[in-house]
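Just to be clear, the model below is a prediction. Sequence and coordinates:
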Amino acid sequence: MRRYREFREKLLAWFRAEARNLPWRQTSNPYHVWVSEVILQQTRVDQGLPYYERFIARFPDVQSLASAPLEEVLKTWEGLGYYSRARNLHRAARLVVEAHQGVFPRTAAELALLPGIGPYSAAAIASIAFGEPVPAIDGNVRRVIARLFNYDQPINTRQAEAFFRETAKSLLSPSHPGDFNQAMMELGARICVPRKPSCHLCPVAAGCLARIRGTADTLPRKNARPESPHHHVVVAVIEENGAYLVGRRPEKGLLGGLWEFPGGKVQPGESLENALVRECREELEIEARPETLLATIDHAYTHFRVTLYFYRARRIAGTPVPRAHDALLWADRDTLRNLPMPKANLKFLRMLQPPETSLFS
Ligand code: SF4
């Protein structure tokens, strides 16, 4: 359709003139594109950029990533959150090396079979690195399309997903699918932003129905989601002879492979102190006494929120046994600093760790 051809030309011209100069845009190396796409799955470009550079400097190709120990990959990822991404990168690198002789699959359908690569990332990698004409559809692209076509139905439904898939396919540039996909994402990230889109700067404003009808700010529409649950968690910080007791979370599951101070959820009606005593019994088979509340830290995950209460605790009986972790360790401050840990534990360490003192002094 002529309309669509004009749309592509305007969008691509804008992208080539205005796109941010990002390192993964200077390459079609599938490994680099893959790492950048995985980092950007849940992280903004400005936050993800230093992590991308650090990751590529430490693991410059799929072979070096595949041969690295998981713990080192998690350490390099530390602070970026959503650690399943790092575990999946590592697993997928091993698969590429072992099952594909180190050569990346070239199509979105094959890429989507690798761990951690969903339909969006598969399409982005296949179109950018290999020129496959498949649309990459993420939240930014859904928002842009909803506004361009004034789609006023809730977008978190199957029907809406079919609409976005078909529309994105029709809009896609068959000759420059990689640039086109990146241009749509860039438009959504910088111009057609969720609140107060900058329609006056938009290269495709002339054909945008939401702009014409004045509905851009109200789109896209979503069905209301129930509020995410909020958990309260007690954490035992047990120090003996300058070493702190930490456990490694089982590899399968939330934050798998990361080290943490032991603890767990407070049960309804339970006091924080009683919860800590119970958790130490259940998780470590020790008797412990909570002493001082050292810090209270709030943290949000995708589907729930937590408030963590870090208590200094004293072991009064028993030898720790890993009932909830796959390993326990008495770690001195240097070791602690080098272990991959979840964000909330890191926040706690930063709060309480002036350079040359004990955690508690
Ligand atoms: Fe988005 Fe406005 Fe451009 Fe339409 S004109 S695509 S609402 S920025």
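Okay, I see it. Numbering: from 1, shown residues only.

pLDDT weak spots in the stretch 1-150 of the chain?
1-2 (pLDDT under 70).

Show me what from it comes close to the ligand.
144, 147-148 (CB under 6 Å from any ligand atom). Backbone N, C-alpha and C define where each C-beta goes, glycine included.

R315 belongs to a strand?
Yes: assessed by DSSP: H, G, I helix; E, B strand; the rest coil, R315 belongs to a strand.

just checking, it touches A288?
Yes: counting by CB atoms under 8 Å, R315 does reach A288; the two are 5.4 Å apart.

can you tell me which residues contact the closest residue to S228 other than its chain neighbours?
Among residues not flanking S228 along the chain, F304 sits closest, at 5.1 Å (CB to CB, 6 or more residues apart in numbering). Shown in contact with F304 (CB atoms under 8 Å, 6 or more residues apart in numbering): 228-231.

Switch the residues of the stretch 1-150 of the chain next to the ligand over to JSON lines; also include distance to G81 and secondary structure.
Shown next, in JSON lines, are these (distance: CB to CB, whole Å; DSSP: H, G, I helix; E, B strand; the rest coil):
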{"residue": "V144", "distance to G81": "26", "secondary structure": "helix"}
{"residue": "R147", "distance to G81": "29", "secondary structure": "helix"}
{"residue": "L148", "distance to G81": "32", "secondary structure": "helix"}
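
What about the residues you listed, which one has the most neighbours?
Using other CB atoms under 10 Å as the neighbour test, those are led by V144, with 28 neighbours.

Verify the assumption that Y244 is located in a strand.
Yes: counting by three-state DSSP, one finds Y244 located in a strand.

Of the contacts of F304, which ones also sit close to the ligand?
Okay, of the contacts of F304, nothing touches the ligand (CB under 6 Å from any ligand atom).

out of those residues, which are inside strands?
Among these, the residues falling in strands (DSSP state E) are 230-231.

which one of the contacts of F304 sits closest to the ligand?
Proximity of the contacts of F304 to the ligand (CB to the nearest ligand atom) peaks at S228, which lies at 28.5 Å.

Can you verify my assumption that that closest one contacts H303?
Yes: counting by CB under 8 Å, S228 touches H303, with 5.6 Å between them.

Now V237, what are its backbone angles?
phi -110, psi 100 (degrees, to the nearest 10).

Look at R16 and say how many residues are nearby.
Using other CB under 10 Å, R16 has 11 neighbouring residues.

Residue ranges in the stretch 251-361 of the chain under the pLDDT threshold?
Ranges of the stretch 251-361 of the chain meeting pLDDT under 70: 352-361.

how about a cut-off of 90?
251-256, 267-271, 274, 287, 300-304, 333-334, 337, 343-344, 346-347, 349-361 (pLDDT under 90).

show me where it has strands.
Using DSSP state E, counting those that start in this stretch, the strands of the stretch 251-361 of the chain run over residues 259-260, 263-265, 287-300, 305-317, 327-331.

and L95, that's in a strand?
No: under three-state DSSP, L95 sits outside any strand and is assigned helix.

Could you report the separation of it from the ligand?
Separation of L95 from the ligand (CB to the nearest ligand atom, to the nearest Å): 39 Å.

so who does L219 touch?
Shown in contact with L219 (CB under 8 Å, 6+ apart): 143, 146-147, 150-152, 210.

same thing with A13?
With contact set as CB under 8 Å, 6+ apart, A13 has these partners: P203.

So it, which state does it fall into?
helix.

about what we covered before: got a winner among the contacts of F304 for most neighbours?
Neighbour max across the contacts of F304 (other CB under 10 Å) = H231, 13 neighbours.

For Y309, see how far away E273 is.
10 Å (CB to CB, to the nearest Å).

If you could redo that for Y52, that was the one I meant.
Separation of Y52 from Y309 (CB to CB) stands at 35 Å.

One more: A168?
Taken as CB to CB, the span from A168 to Y309 is 46 Å.

wait, V321 sits on C280?
No: counting by CB under 8 Å, V321 stays clear of C280, with 11.1 Å between them.

Looking only at neighbour counts, state which of those two leads.
Shown here are V321 and C280; by other CB under 10 Å, C280 has more neighbours (27 against 11).

Test my guess that that one contacts I286.
Yes: at 5.4 Å, C280 and I286 qualify as touching, with contact defined as CB under 8 Å.

For V246, list each beta-bridge partner.
Beta-bridge partners recorded for V246 (DSSP bridges): L329.
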